[in-house]
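Student: Build me a model from this:
(one chain, ligands or ions: 2)
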Amino acid sequence: MAIKKPAAKTPAAPKAQTHALPSYLDHQHLGPWGVYLQQVDRVTPYLGHLARWVETLKRPKRALIVDVPIEMDNGTIAHFEGYRVQHNVSRGPGKGGVRFHQDVTLSEVMALAAWMSVKNAAVNVPYGGAKGGIRVDPRNLSQGELERMTRRYTSEIGIIIGPNKDIPAPDVNTNEKVMAWMMDTYSMNTGATATGVVTGKPIDMGGSLGRREATGRGVFTVAVEAAGQIGLGIEGARVAVQGFGNVGGIAGKLFAEAGSLVVAVEDHTGGICNDKGLNVPKLLEHVAKTGGVAGFKGGEALPLGELWGYKCDILIPAALEGQLTKANAGKVKAKMVIEGANGPTTPEADDILGDKGILVVPDVIANAGGVTVSYFEWVQDFSSFFWSEDEINQRLVKIMKDAFATVWQTAQQHKVSLRTATFIVACTRILHARELRGLYP
Ligand SMILES: NC(=O)C1=CN([C@@H]2O[C@H](COP(=O)(O)OP(=O)(O)OC[C@H]3O[C@@H](n4cnc5c(N)ncnc54)[C@H](O)[C@@H]3O)[C@@H](O)[C@H]2O)C=CC1
Ligand SMILES: O=C(O)CCC(=O)C(=O)O
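Tutor: Residues are numbered from 1 along each chain as shown. Ligands and ions are numbered 1, 2, ... in the order given. From the prediction side, this is the model:
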């Protein structure tokens, strides 16, 4: 069942008294931050009296740019630019991953931090939103260089992170090993082992069972709920995935285990397809061995960009932002798009998909499983009492299902897309907390 775009005649939001935004914060800003601001504009008419506080959402609370100098293996000194942005801390400490990628920018990290505020509020975990990153291609670094860079970055952002202030976690190109280095560096700098300073750690040093699989499991759980609403069966459903790392790879595995056919996969190395369904465990092995899906023998090569128009029922962007745009959204044949990545769909593409009757389950709910189990990890670290994997998965599935049900009901009530509905639920929670806290120290 298609969910309609908000009617054009939605009530105007009260205007906030404010000065013009500096250029790096305004709507003309291209890229993820501009996309996020458009999403905030779409929710504003539904915020009632809280719209008075909406400017809070349009600027980060705190943004830190750090220089990360390291000695390379060949004796030269390299400088990398690093960021940590705390978008909002009204509901609790900042929380969100750290990305190592050659294209990371401050405004991208601002958007990713803002989406964390919305996501954390949507699943009602007691956090604000934060994100970090380093502008680097980690594939060009040796293990020693990667460790030195991670440790220096952690020391540089050490002034604003901490178990009660802002808690990093893995994102693109970061993993348990990187989290272990971050935890160790922070602990050495503060003189006490602080397991709760990062999540997504190895199990043997305060990590949680189920965290590695959590985002993919959340994507799968929400997809099953959404499929139920539009009368689509998961068994036999054709699934196409962009990005086959932590999120896309685990989601693909869970779909295959449920009897879906994973028919097409694309990552940074290329694309692969098989109408009868790819052998997902073998594909995962191939990716672990070679670094990508290219060259996998169990399917045909899929030219770059063709994934979007591939015949499937469920399309899962699970790589980077800005992938579904007005240039390719018209080609999509899927019945549902489940956003594993953060920010993969532009507002223009959202409208095109909505007009085609394609249900889009947005990032800020679909990929919230990772941070939900990060929350469990943080709670376990504080209490030094660890739960079984079953307990974690059951609690995760319950939170995801409840959050999806609330968002679905809100979408029906206001006749808006699931993205705007998630923003209504989340931004109301954030701004209510903001209002309760008041303005003055
Ligand atoms: N790891 C986590 O717990 C969470 C991650 N996310 C989001 O999910 C997305 C993927 O993150 P992870 O799986 O953790 O990262 P990852 O580093 O494990 O995997 C990234 C995947 O994206 C692919 N990729 C990169 N550039 C690409 C391109 N230009 N075209 C096609 N594929 C490309 C890579 O080949 C790889 O398969 C990101 O948007 C991230 O912010 C969201 C919630 C939690
Ligand atoms: O686990 C976390 O704290 C955050 C994961 C993340 O970066 C995300 O949800 O985008």
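Student: Which elements pack onto the helix or strand containing residue 253?
Tutor: In this assignment (DSSP states H and E), residue 253 forms part of helix 246-257. Packing partners of helix 246-257 (3 or more Cβ pairs under 8 Å, 6 or more residues apart in numbering; DSSP states H and E): helix 211-229, strand 238-242, strand 261-267, helix 280-290, strand 314-317. The C-beta positions use only the backbone N, C-alpha and C, and glycine is treated the same way.
Student: Please work out which residues outside stretch 377-386 touch it.
Tutor: Residues from elsewhere that reach stretch 377-386, judged by Cβ atoms under 8 Å, 6 or more residues apart in numbering: 163, 167, 195-196, 199-201, 206-209, 211, 387.
Student: Name the residues of the lengthiest strand in the chain that come out as buried.
Tutor: Counting by DSSP state E, the longest strand found in the chain is strand 77-88. Neighbour-count burial for strand 77-88, counted by 16 or more other Cβ atoms under 10 Å, picks out 80, 82, 83, 84, 85, 86, 87, 88.
Student: Show me what from this structure comes close to ligand 2.
Tutor: 95-97, 119, 169, 171, 199-200, 342, 367, 370-371, 374 (Cβ under 6 Å from any ligand atom).
Student: Ligand 1 next: which of these are close?
Tutor: Within these, those near ligand 1 by Cβ under 6 Å from any ligand atom are 171, 342, 367, 370.
Student: For the residue of the stretch 151-300 of the chain at minimum distance from ligand 1, what are phi and psi?
Tutor: Across the stretch 151-300 of the chain, the shortest distance to ligand 1 (Cβ to the nearest ligand atom) belongs to residue 245, at 1.9 Å. With angles defined as degrees, to the nearest 10, residue 245 sits at phi -100, psi -140.
Student: Report the contact partners of it.
Tutor: In this structure, residue 245 makes contact with 172, 267, 318, 319, judged by Cβ under 8 Å, 6+ apart.
Student: ok, back up a step: the helix holding residue 253 to strand 261-267, inter-axis angle?
Tutor: 160 degrees (axes from the mean of the first three to the mean of the last three Cα atoms, to 10 degrees).
Student: ok and helix 246-257 relative to helix 280-290, angle-wise?
Tutor: Going by the same axes, to 10 degrees, helix 246-257 makes 150 degrees with helix 280-290.
Student: Flag every buried residue along helix 246-257.
Tutor: 246, 247, 248, 249, 250, 251, 252, 253, 254, 255, 256.
Student: Tell me how this structure divides into domains.
Tutor: Recorded structural domains for the chain (assignment: automatic domain parsing) are 58-192, 212-366.
Student: could I get the ones you listed as JSON lines with mean pLDDT?
Tutor: JSON lines is the format used below for the domains of the chain (pLDDT from 0 to 100):
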{"stretch": "domain 58-192", "mean pLDDT": "98"}
{"stretch": "domain 212-366", "mean pLDDT": "97"}
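Student: Output those as a markdown table; include the columns distance to residue 41.
Tutor: Below are the domains of the chain laid out as a markdown table (distance: least, Cβ to Cβ, whole Å):
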| stretch | distance to residue 41 |
| --- | --- |
| domain 58-192 | 9 |
| domain 212-366 | 9 |
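Student: Per-residue pLDDT of the residue in the stretch 251-400 of the chain positioned nearest to ligand 2, please?
Tutor: Nearest residue of the stretch 251-400 of the chain to ligand 2, counting by Cβ to the nearest ligand atom: residue 374, 3.3 Å away. Looking at residue 374, its pLDDT reads 98.
Student: wait, it sits on residue 95?
Tutor: Yes: applying Cβ atoms under 8 Å, one finds residue 374 in contact with residue 95, separated by 6.8 Å.
Student: Quick check on the residue positioned nearest the centre of the chain: phi, psi?
Tutor: Centroid-nearest residue in the chain, with Cα atoms, centre = their mean: residue 342, separated by 4.0 Å. Backbone torsions of residue 342, given as degrees, to the nearest 10, read phi -90, psi 130.
Student: I figured it was touching residue 113, is that so?
Tutor: No: taking contacts as Cβ under 8 Å, residue 342 lies outside contact range of residue 113: 10.3 Å.
Student: roughly how far is stretch 295-305 from the heart of the chain?
Tutor: 26 Å (Cα atoms, centre = their mean, to the nearest Å).
Student: Thanks a lot, see you next time.
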